[in-house]
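Undergrad: one predicted model, sequence on top.
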Amino acid sequence: MVPLFVATERFDPSDAERWQEYCKCAQIPGLVEVVSLDMLLCPRLVKAIKRPDWDHIVIEDFRSDYFYHLDYLLKRVRRHTRRNILGVYRNPEAHITRPPGPGDFAFVGYDLIEEATQISAVTDCGGFPNAFSNQELNPCGLISDYARAAEVRIALREQYPDEPHADCELYAVWRLNESSADGSSAEAC
């Protein structure tokens with residue numbers, strides 16, 4: 001499997017009112033931070049593709065802000081302090097124990113993403129109670145176990161066939177642990 005990398009904005013209690021409103025609606029017990037590929041909750045830091053980016057990005061399936069090269073992405077977002085650098089594996093056939101790149105990557109869980117909109121069925125759709133319970137989600141708002149994530153992916157399609165956000169791709173999500181300029185660490189989850 002080829003790992004991909006993406007830089008997202010952090011979404012946690014320091015987002016004050018926005019965070020409080022989200023937690024009130026999402027009702028995810030024990031949530032300390034949303035670490036997701038969901039573009040609404042955790043927007044991408046690379047907003048516009050520049051000419052040099054074309055040699056480093058994925059150019060398929062609505063993933064043009066996913067990068068193949070971690071070192072290039074880190075240079076591209078070096079000025080952003082409140083960030084998550086995520087290494088992901090798309091549709092793995094089993095849990096992958098090998099970190100996606102060099103550095104201190106920690107596995108944070110599985111996300112289920114509807115790719116056309118980059119919306120997470122796990123964190124941003126108001127819940128799908130016939131497929132999973134929010135009590136199953138970890139402190140990052142993700143599913144911790146590969147087998148359960150794969151089951152939820154199938155259940156979403158079977159239980160919600162008319163819901164576009166239920167047709168998802170499964171992503172194993174790893175986060176680069178790094179200290180930010182504000183002194184916070186990305187190790188909260």
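TA: Structure's in. What do you need?
Undergrad: can you give the contact residues for the lengthiest strand in the chain?
TA: Ordering each strand of the chain by length in residues (DSSP state E) puts strand 105-114 first. Residues from elsewhere that reach strand 105-114 (Cβ atoms under 8 Å, 6 or more residues apart in numbering): 35-38, 87, 99, 119-123, 138, 140-146, 149, 152-153, 156, 164-177, 187, 189. For glycine as for every other residue, the C-beta is placed from the backbone atoms N, C-alpha and C.
Undergrad: what's the answer for stretch 158-168, then?
TA: Contact partners of stretch 158-168, identified using Cβ under 8 Å, 6+ apart, comprise 112-117, 119, 121, 125, 128, 130-131, 153, 156-157.
Undergrad: about what we covered before: just the C-alpha atoms of the longest strand of the chain, please, in PDB.
TA: C-alpha atoms of strand 105-114 as PDB (Å, rounded to 0.1, in the frame of the first residue of the first chain):
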ATOM      1  CA  PHE A 105       3.700   8.800  13.500                       C
ATOM      2  CA  ALA A 106       1.100   7.400  15.800                       C
ATOM      3  CA  PHE A 107      -2.000   5.500  14.600                       C
ATOM      4  CA  VAL A 108      -5.200   7.400  15.600                       C
ATOM      5  CA  GLY A 109      -7.900   5.300  13.900                       C
ATOM      6  CA  TYR A 110     -10.100   4.700  10.900                       C
ATOM      7  CA  ASP A 111     -12.200   7.300   9.100                       C
ATOM      8  CA  LEU A 112     -14.900   6.600   6.500                       C
ATOM      9  CA  ILE A 113     -14.900   9.300   3.800                       C
ATOM     10  CA  GLU A 114     -17.300   9.900   1.000                       C
END
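Undergrad: tell me which residues of it come out buried.
TA: Residues 105, 107-114 are the ones in strand 105-114 that count as buried (16 or more other Cβ atoms under 10 Å).
Undergrad: just put those in a markdown table and tack on distance to residue 49 and pLDDT.
TA: As requested, the buried residues of strand 105-114 are exported to a markdown table (distance: Cβ to Cβ, whole Å; pLDDT from 0 to 100):
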| residue | distance to residue 49 | pLDDT |
| --- | --- | --- |
| 105 | 25 | 97 |
| 107 | 28 | 97 |
| 108 | 26 | 98 |
| 109 | 28 | 98 |
| 110 | 27 | 98 |
| 111 | 23 | 98 |
| 112 | 25 | 97 |
| 113 | 19 | 95 |
| 114 | 21 | 93 |
